[in-house]
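Visitor: need a structure here:
(chains A and B)
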Amino acid sequence: MEKSAPSTPARTRFAPSPTGWLHIGGARTALFSFLLARQTGGQFILRIEDTDRTRYVPESEADIMEGLRWLGIEWDEGPDKGGPYGPYRQSERKALYRKYAELLVEKGHAFYCFCSKERLERLRRRARAEGRPFRYDGHCRRIPPEEARRRVEAGEPHVIRFKAPREGSITVVDRIRGPITVQNRDIDDFILLKSDGYPTYHLAVVVDDHLMDVTHVMRGEEWLSTFPLHVHLYRAFGWPEPEWIHLSLFLKPTGKGKISKRDSEWLKEKGYAGVFVHDLREAGYLPEAVVNWIALMGWSYDDRTEFFTLEDLIEKFSLDRLKPAPAAVNFDKLNHFNGLHIRALPPEELARRLVPFFHKAGYPQVTEQDLLPIVPLIQERIHTLTDGPELAGFFFEEDITHTPEAFETFLVKHKKVKLDLPTAYQALQVVYQRLEQVDPWTPENLEATLRALSEELGLKSRKLFSAVRVAVTGRGVSPPLFETMALLGKERTLRWMKKGLETLAQMVATEG
RNA sequence: GCCCCCAUCGUCUAAGUGGUUAGGACACGGGCCUUUCAAGCCCGCGGUCGGGGUUCAAGUCCCCGUGGGGGCACCA
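Guide: This next block holds a predicted model:
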C-alpha cells in the first residue's frame, strides 16, 4: 500500500440538530467529515445539537443515526456509544455553556442583556423601516458590571450577548474559498446564552468543537456569514482555531434555491426520489450509489473517474478538490450510479438486498434462495431495487391475466415487431403443441425448439419470440424468454400460454 | 435593503503555479448489437455570463457590470 504525505489525524464531527430527518445535504457533510477522519486515522464524532427545545423532533435523532449507518458512515464517538469527550448531546452539556459564557463576560467580551423581546422587536421594525439590517443597539452594554450581576442574581430574565468589536475588520480563512474579510461593524452582538439557559448555536458549536479537540469544522455554506463571529469567539477565549471548511449548498434540481426539507413533497410528486436519506433507501437506492452520488457534488477526483466505493473515497478524498460553487442535484445521475452499483454487486448480495423489496411488493414468502436464479436475469435490467419485483414479481404468481392491450401494444404496434393478430394466433398454436413435447425443460431446449419453429413458420425470431413472450407472461417486457420459461416451469408456462391463446382467440374473433 | 459567497455544455464536473481542436459523466438525438427491456459499444448535439484591462498568450490574474446562492432570530 502506497502512502501519501503523512498527515496528522483529523478529529471531525457531524453535528446535526434533531429537528428533522437526515437529508442528502447533511449526509454529504457527514460523509466528507467521515472521509477525512478515516483517511488520516483520526476520529469522527457524532454530536447532537439539541439546544432548541421548541423545534425538537424526538424521532429525528434515530433517523439521523440510521441513515448514517445505512450509508456506511460510522462514528467513533457519539451519544449512543459514548467516548472520552462526552456527553455528545448538547442538552446534556447545558451547565458547561453558562460557565463559558460567563467566562467571556469576565474577560470583557460579553455582557448581560435584559432587553425584552418587545424592545428588540421594536428595534427590528425600525431597522426594517429605515432599510438597514437589524443590529443590537448596545443598550445593555452600558450597564455597569456590578449592577448587571446584581440583577442576574436577583433572578431577572436575561441573555448573554457577545460584545462584538465596533471598529476594524477581521479576516478569516475558509479552506475552500481562502481569506474572507468583513467589517466588524457588520457583526452583531449575537446572543450566546438564551434566557432559558441554553446556548445558541454560536456558543455551543465553538465551546464543543474546542472541548472535543475538533481539528476540522465542516459544515454547510449557510454558516459562512456567521463564520467571522465564530472566529471572534475563538479569539476571545484564546483558543486555537480549527480549519474551517464551508461546503457549498445543494440546489434544487431546477437550480433555483437551496434544496430543503420542504421540497420533499413536490419532488416526490414529480417522480424524484426525495431529499431524505430514508426516502432514497425506500425507493430502492443502494447506499453505495447514494454515497457515490453525493460525493461527486462539490468534489471531484480527476477528469474522468466517477465510480467510487466508500473505500475508494477514504483513500482518494482531498480537501484541495472541494469546489466553492453550489450544485444542483441531479436525480438522473443518481439513477445512473444506482445501476452501476447494482451491476457491481455479487449476485448473491443483490438477491439478499432484493428480498425486502419483494416482500413490500406483495410477495412476502420470497426468500434469498428463491431470488438466486432470477438475479442473473434482472441484474443488468434494473435501476433501483423496486424495479426487481416489477420486472420479476410474476415468477411468484400462480396465475396471471392477459390484457388485449398487451398483445396490441407489443405485437401489432411495436415498431420492431409489427405482427398481426391472426398470424400470431396461428403460430402460437403450433408453438404450444411443440412446447408440450419439450423435455427436458431447459433454456437450451426451449431456444432450439423456438428457433426451429421460427424457421419452419417463416416468422422472424423477433416476431415469434415476442408473440410467445406476451402469450406466456402477459407482458411485453420481461427477462430473457427462454430462461424465463425455464424458470416458470413447463406446467405454468403452458397453462399461462393457454390463457393467453384464449385472449388472443377472442381478439381475432371480434376483429373479424 | 444591507453583508458575504459563487460563476465552464441543460445538469455534475476536468483543464496543478496563464501556453494544443476546453476533456469526462448524466440527460438528449442517431446508430451497432439483439429476443422484448436493459446492459454494452460507436457517433452526434451542446459550454468558458457580459464588458474592460494585464500579457506574446486569459476559462485561468485584476476591475466593473450582470446573474445565481446564502445570511441578516433568545433556529440551527
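Visitor: could you chop chain A up by domain?
Guide: Domains of chain A are assigned by automatic domain parsing as A:91-247, A:347-396, A:404-511.
Visitor: would you turn those domains into CSV with mean pLDDT and mean neighbour count?
Guide: (C-beta placed from N, C-alpha, C; glycine too.) Converted to CSV, the domains of chain A look like this (pLDDT from 0 to 100; neighbours: other Cβ atoms under 10 Å):
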stretch, mean pLDDT, mean neighbour count
domain A:91-247, 95, 16
domain A:347-396, 97, 18
domain A:404-511, 94, 17
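Visitor: can you add distance to RNA strand B and give these back as CSV?
Guide: Shown next, in CSV, are the domains of chain A (distance: least, Cβ to the nearest atom of the strand, whole Å):
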stretch, distance to RNA strand B
domain A:91-247, 3
domain A:347-396, 4
domain A:404-511, 4
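Visitor: so for A:Glu315, which of those domains sits nearest?
Guide: Nearest of the domains of chain A to A:Glu315, taken as Cβ to Cβ: domain A:91-247 at 17.9 Å.
Visitor: gap between the closest residue to A:Ala325 other than its chain neighbours and RNA strand B?
Guide: Distances taken as Cβ to Cβ, 6 or more residues apart in numbering put A:Ser248 closest to A:Ala325, at 5.8 Å, once the chain neighbours are dropped. Per Cβ to the nearest atom of the strand, to the nearest Å, A:Ser248 is found 7 Å from RNA strand B.
Visitor: next, count neighbours for A:Ser248.
Guide: As a burial measure, A:Ser248 scores 20 neighbours (other Cβ atoms under 10 Å).
Visitor: can you tell me the element the nearest residue to A:Pro422 once chain neighbours are set aside falls in?
Guide: Nearest non-adjacent residue to A:Pro422, counting by Cβ to Cβ, 6+ apart: A:Val508, 5.4 Å away. Per DSSP states H and E, A:Val508 falls inside helix A:490-511.
Visitor: centre of the chain to that helix, how far?
Guide: Here the centre of helix A:490-511 is set off from its chain's centre by 46 Å, with Cα atoms, centre = their mean, to the nearest Å.
Visitor: try stretch A:94-108
Guide: With Cα atoms, centre = their mean, you get 38 Å for stretch A:94-108.
Visitor: hang on, the earlier thing: A:Pro326 is in contact with the residue nearest to A:Ala325, correct?
Guide: Yes. Counting by Cβ atoms under 8 Å, A:Ser248 does reach A:Pro326; the two are 4.6 Å apart.
Visitor: now list whatever residues contact both of those two.
Guide: A:Glu221 (Cβ atoms under 8 Å, 6 or more residues apart in numbering).
Visitor: now A:Phe14. Its backbone dihedrals?
Guide: phi -110, psi 130 (degrees, to the nearest 10).
Visitor: contacting residues around it?
Guide: A:26, A:29-30, A:33-34, A:44-47, A:68, A:73, A:75.
Visitor: ok, it to A:Pro58 distance?
Guide: Using Cβ to Cβ, to the nearest Å, A:Phe14 is found at 19 Å from A:Pro58.
Visitor: residues contacting the helix holding A:Val508, please?
Guide: A:398-404, A:407, A:421-422, A:424-425, A:428-429, A:431-432, A:435-436, A:438, A:441, A:468, A:470-474, A:485, A:488.
Visitor: filter the residues you listed down to just the ones in strands.
Guide: Among the contacts of helix A:490-511, DSSP state E puts none in strands.
Visitor: in which helix or strand does the closest residue to A:Thr226 other than its chain neighbours reside?
Guide: Nearest non-adjacent residue to A:Thr226, counting by Cβ to Cβ, 6+ apart: A:His202, 6.4 Å away. A:His202 is part of helix A:201-211, with elements assigned from DSSP H and E.
Visitor: where's the next helix-or-strand element following that helix relative to the chain centroid, distance-wise?
Guide: Using DSSP H and E, the helix or strand that follows helix A:201-211 in sequence is strand A:216-220. Its chain's average C-alpha position is 18 Å from that of strand A:216-220, according to Cα atoms, centre = their mean.
Visitor: could you say what helices and strands strand A:216-220 packs with?
Guide: Applying 3 or more Cβ pairs under 8 Å, 6 or more residues apart in numbering; DSSP states H and E, we find strand A:216-220 packed against strand A:11-14, helix A:24-40, strand A:243-247.
Visitor: is RNA strand B within reach of the longest one?
Guide: Spelled out, that is helix A:24-40. No. Judged by Cβ under 7 Å from any atom of the strand, helix A:24-40 stays clear of RNA strand B, getting no closer than 9.6 Å.
Visitor: looking only at pLDDT, what's the mean for that helix?
Guide: Rounded to a whole number, the mean pLDDT of helix A:24-40 is 97.
Visitor: now swap in the first one and tell me
Guide: When the per-residue pLDDT values of strand A:11-14 are averaged, the result is 98.
Visitor: restricting to C-alpha, output that strand in CSV.
Guide: What follows is strand A:11-14 as a C-alpha-only set of coordinates in CSV (Å, rounded to 0.1, in the frame of the first residue of the first chain):
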residue,chain,number,x,y,z
ARG,A,11,-10.8,14.9,14.5
THR,A,12,-14.0,15.8,12.7
ARG,A,13,-17.6,15.8,13.6
PHE,A,14,-21.1,15.9,12.2
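Visitor: now do the buried residues in stretch A:329-342.
Guide: A:329, A:331, A:334-342 (16 or more other Cβ atoms under 10 Å).
Visitor: just the closest of those residues to RNA strand B, please.
Guide: A:His336 (3.9 Å; Cβ to the nearest atom of the strand).
Visitor: so which residues make contact with the host helix or strand of that closest one?
Guide: For A:His336, the element it lies in under DSSP H and E is helix A:331-344. For helix A:331-344, the external contacting residues (Cβ under 8 Å, 6+ apart) are A:253, A:272-273, A:280, A:284-286, A:288-290, A:292-293, A:296, A:307, A:350, A:379-380, A:382-385.
Visitor: one step back: turn the contacts of A:Phe14 into a markdown table, columns for neighbour count.
Guide: Shown next, in a markdown table, are these (neighbours: other Cβ atoms under 10 Å):
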| residue | neighbour count |
| --- | --- |
| A:Gly26 | 25 |
| A:Thr29 | 21 |
| A:Ala30 | 27 |
| A:Ser33 | 28 |
| A:Phe34 | 29 |
| A:Phe44 | 23 |
| A:Ile45 | 26 |
| A:Leu46 | 27 |
| A:Arg47 | 26 |
| A:Leu68 | 24 |
| A:Ile73 | 22 |
| A:Trp75 | 25 |
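Visitor: between those, which is nearest A:Cys113?
Guide: A:Arg47 (27.4 Å).
Visitor: check what pLDDT the closest one gets.
Guide: A:Arg47 is given a pLDDT of 98.
Visitor: A:Arg13 is in contact with that one, correct?
Guide: Yes. If you go by Cβ under 8 Å, A:Arg47 and A:Arg13 touch, sitting 5.3 Å apart.
Visitor: what is in contact with those two at once?
Guide: By the contact definition Cβ under 8 Å, 6+ apart, A:Arg47 and A:Arg13 are jointly contacted by A:Met212.
Visitor: thank you, goodbye.
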